[in-house]
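Peer 1: pasting the structure only:
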């Protein structure tokens, strides 16, 4: 596509086209499984750049997509305009207001580091390299979620460029505010937001891991589910089963092992007492449960920090059928002959069930099951689809935050009423349907 008549100063609005030396580096990200080949990249450094990019796309009737700094991509992208926001990464803490202002390209690790000296913490997720904006627009299920709710529940304002090319400042009470938080992908390009912080300096947390060939994973899952019925709503946890490949890049203690673990985060004083039943599951492969500074909270999950290809989806459940979930473990374990598949089960409830003025769905859910396959999408679907079918009788819907490469499937992301309300918003703020997930 010919963009020789763009009519803008490249020094003011940097354009990249296929074949330009920096093009490939600009579209590269954490997710390597999907190719992005836009006709034009706008490497934004400000909200004004984003406005100019959306208006340019509108004039050319081109779709607009956004790449910030996060982990998830909806799938392969061909053509159109891609706005990258990684240069917009300013983070400013307001200690008096207990809030932080972040630009669109900021990552959670930056926010945690900026807030920690003041004894404050954001409601971030497990990985410091995850982008703030994408995480929050999907709701934001964090490591302290059962105590404080979704990260989206703590957003005080957003700055967003809508499909009509207008830069808007939205606050609680605005219909667009409601829609962006939980349903925001495709409603606008968020350039910045203000988020409330919580007074947390330390927490009790870590992971208790078992060798899945010595400890029966199904028995461990049954023990975990029973344990979740006894813990207070201020304790957040997840169960995970990971069949690690035998690769030199991995630590020796993980190579070729099937690791079953429980991850815990808790801000109270009774951590050791509360986790004691978990230690009865069997001999621990490793035990990192301890009191830690909040700045070390990323060590609870120790998510991989290197780019790779992956595909995944999720199911929000009204109840966890342990027998069905155990069958999921059996079908995704290391001896099935299929692709590597990670299973994670998050306990919901607590503050996550509280109503809030946003579109975050399925608040009545008690568990979230996430399945993630490392490798090629078609092979992953052959494993994941039958696994989710086992959970279907208790499934409320899906989480947009954990539809890695499955973003082309919109079924189940919201209930019918929310879906209709979001469609009305998109018609109002993006009448030409320029903005894409």
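Peer 2: Looks like it arrived, so ask away. These numbers were taken from a predicted model, which means no experiment stands behind them.
Peer 1: Next, the buried residues of the host helix or strand of residue 379.
Peer 2: Secondary-structure assignment from DSSP states H and E places residue 379 in helix 377-391. Buried residues in helix 377-391, defined by neighbour count with 16 or more other Cβ atoms under 10 Å: 377, 380, 383-384, 387-388, 390-391. Any C-beta I mention is one placed from the backbone N, CA and C, and that applies to glycine too.
Peer 1: For residue 175, list the residues it contacts.
Peer 2: residue 425 (Cβ atoms under 8 Å, 6 or more residues apart in numbering).
Peer 1: Kindly provide the distance from it to residue 192.
Peer 2: Using Cβ to Cβ, to the nearest Å, residue 175 is found at 20 Å from residue 192.
Peer 1: Kindly report the same for residue 336.
Peer 2: Where residue 192 is concerned, residue 336 sits at a distance of 45 Å (Cβ to Cβ).
Peer 1: Comparing these two, which residue is more hemmed in?
Peer 2: Higher neighbour count among residue 336 and residue 192: residue 192, with 22 against 12, using other Cβ atoms under 10 Å.
Peer 1: would the more buried one count as being in a strand?
Peer 2: Yes: applying DSSP: H, G, I helix; E, B strand; the rest coil, one finds residue 192 inside a strand.
Peer 1: For it, list each beta-bridge partner.
Peer 2: residue 103, residue 159 (DSSP bridges).
Peer 1: State the distance from it to residue 360.
Peer 2: Distance from residue 192 to residue 360, by Cβ to Cβ: 20 Å.
Peer 1: With residue 59 instead?
Peer 2: Taken as Cβ to Cβ, the span from residue 59 to residue 360 is 34 Å.
Peer 1: out of these two, which sits in the busier spot?
Peer 2: More crowded of residue 59 and residue 360, by other Cβ under 10 Å: residue 360, with 28 against 11.
Peer 1: My guess is residue 17 contacts residue 24. True?
Peer 2: No: the pair residue 17 and residue 24 fails to qualify as a contact (Cβ atoms under 8 Å) at a distance of 11.8 Å.
Peer 1: Please work out the average pLDDT along the helix or strand hosting residue 313.
Peer 2: When elements are assigned from DSSP H and E, residue 313 belongs to strand 310-317. For strand 310-317, the mean per-residue pLDDT is 90.
Peer 1: Helix or strand next in line after it, which one?
Peer 2: helix 322-332.
Peer 1: and that next one with helix 377-391, angle?
Peer 2: 160 degrees (axes from the mean of the first three to the mean of the last three Cα atoms, to 10 degrees).
Peer 1: Going by neighbour count, which residues of helix 322-332 are buried?
Peer 2: Judged by neighbour count (16+ other Cβ under 10 Å), helix 322-332 contains these buried residues: 324-329, 331-332.
Peer 1: From the chain's centroid, how far away is it?
Peer 2: 24 Å (Cα atoms, centre = their mean, to the nearest Å).
Peer 1: Repeat that for stretch 259-275.
Peer 2: Distance, centroid of stretch 259-275 to centroid of chain: 22 Å (Cα atoms, centre = their mean).
Peer 1: and stretch 82-98, which residues are buried?
Peer 2: Within stretch 82-98, judged by 16+ other Cβ under 10 Å, the buried ones are 82-86, 88-89, 91, 93, 98.
Peer 1: To clarify, my last question referred to stretch 270-280.
Peer 2: Quick answer for stretch 270-280 (16+ other Cβ under 10 Å): 271, 274-275, 278.
Peer 1: In helices, which of the residues you listed fall?
Peer 2: Taking DSSP state H as the definition of helices, these contribute 271, 274-275.
Peer 1: With respect to residue 51, which of those is nearest?
Peer 2: residue 271 (48.0 Å; Cβ to Cβ).
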